[in-house]
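Asks: Got a sequence here, can you model it:
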Amino acid sequence: MAEWPYVKEELNMPVKDDVIICENVKIWHPDLCNMYGCEIGEGTSIGAFCEIHQDVIIGRNCRLQSFIFIPVGVHINDNVFIGPHVCFTNDKYPKAGGDWKLYRTTVKAGASLGASVLVCPDVVIGKNAIIGAGSVVTKDIPANELWVGNPARFMRKL
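Replies: Numbers count the residues shown, from 1 in each chain. Purely as a prediction, here's the structure:
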């Protein structure tokens with residue numbers, strides 16, 4: 001693990017000490033990100049105003065734009081692009097109190113999610129899949145396919 005490229009104390013930033021950050025990671029505005037208990041792979045770039053929760057794993061050479069929310073239960077493989085304002089969810093039936101069930105979500109290597117995509121819980125986005133801007137992903141997306149819309153629907157093979 002590389003040395004942290006910023007002086008945390010000077011920035012008073014919300015990136016916690018339990019975040020594992022590999023070499024050559026670029027967090028454009030670490031004072032404007034909230035990250036804890038996650039792992040960021042080598043060569044990944046993260047924009048401002050991102051929130052990444054505990055147990056999230058982000059692979060190598062990913063590009064995360066600004067204003068992204070990634071809760072517990074999400075695993076993002078290598079070489080993934082995530083556009084601005086993408087939101088992942090991890091509970092099919094959210095409520096303010098009581099029991100809840102965590103659902104996992106996986107984004108496979110080389111996938112690309114356009115701006116403002118909403119990813120519902122318990123889905124797998126396949127290798128090299130592309131999700132168009134503004135789409136709502138409600139089910140698994142096969143590898144090498146383009147999906148768009150609300151709900152996201154198949155457009156063509158890539």
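
Asks: okay, CA-based contacts and neighbour counts for the rest of this
Replies: Will do.

Asks: Just give me the neighbour total for the nearest residue to residue 101 once chain neighbours are set aside.
Replies: In space, and not counting its chain neighbours, residue 101 is closest to residue 91: 6.2 Å by C-alpha to C-alpha, 6 or more residues apart in numbering. For residue 91, the tally of surrounding residues (other C-alpha atoms under 10 Å) stands at 18.

Asks: Give the helix, strand or coil label for residue 91.
Replies: The three-state assignment at residue 91 reads coil, by DSSP: H, G, I helix; E, B strand; the rest coil.

Asks: Okay, and the beta partners of the residue nearest the centre of the chain?
Replies: Computing the C-alpha centroid of the chain and ranking residues by C-alpha atoms, centre = their mean puts residue 70 first, at 4.9 Å. Judged by DSSP bridges, the bridge partners of residue 70 are residue 52.

Asks: dump the residue contacts of it.
Replies: Shown in contact with residue 70 (C-alpha atoms under 8 Å, 6 or more residues apart in numbering): 51-53, 56, 87-89.

Asks: Of those - the most surrounded one?
Replies: With neighbours defined as other C-alpha under 10 Å, the most crowded of the contacts of residue 70 is residue 52; it has 25 neighbours.

Asks: what about that one, distance to residue 152?
Replies: Going from residue 52 to residue 152 by C-alpha to C-alpha, to the nearest Å gives 24 Å.

Asks: Likewise for residue 58?
Replies: Note on residue 58: its distance to residue 152, by C-alpha to C-alpha, is 23 Å.

Asks: ok, the two, which is more surrounded?
Replies: More crowded of residue 58 and residue 152, by other C-alpha under 10 Å: residue 58, with 26 against 21.

Asks: Show me the beta-bridge partners of that one.
Replies: residue 40, residue 76.

Asks: ok, it - contacts?
Replies: With C-alpha under 8 Å, 6+ apart, residue 58 has these contacts: 38-41, 75-78.

Asks: quick one: it from residue 51, how far?
Replies: Residue 58 is 13 Å from residue 51, by C-alpha to C-alpha.

Asks: Show the subsequent helix or strand relative to the helix or strand bottoming out on mean pLDDT in the chain.
Replies: Least confident helix or strand of the chain, by mean pLDDT, DSSP states H and E, is helix 8-11 with a mean of 40. Remark: after helix 8-11, the chain's next helix or strand is strand 20-21, criterion DSSP states H and E.
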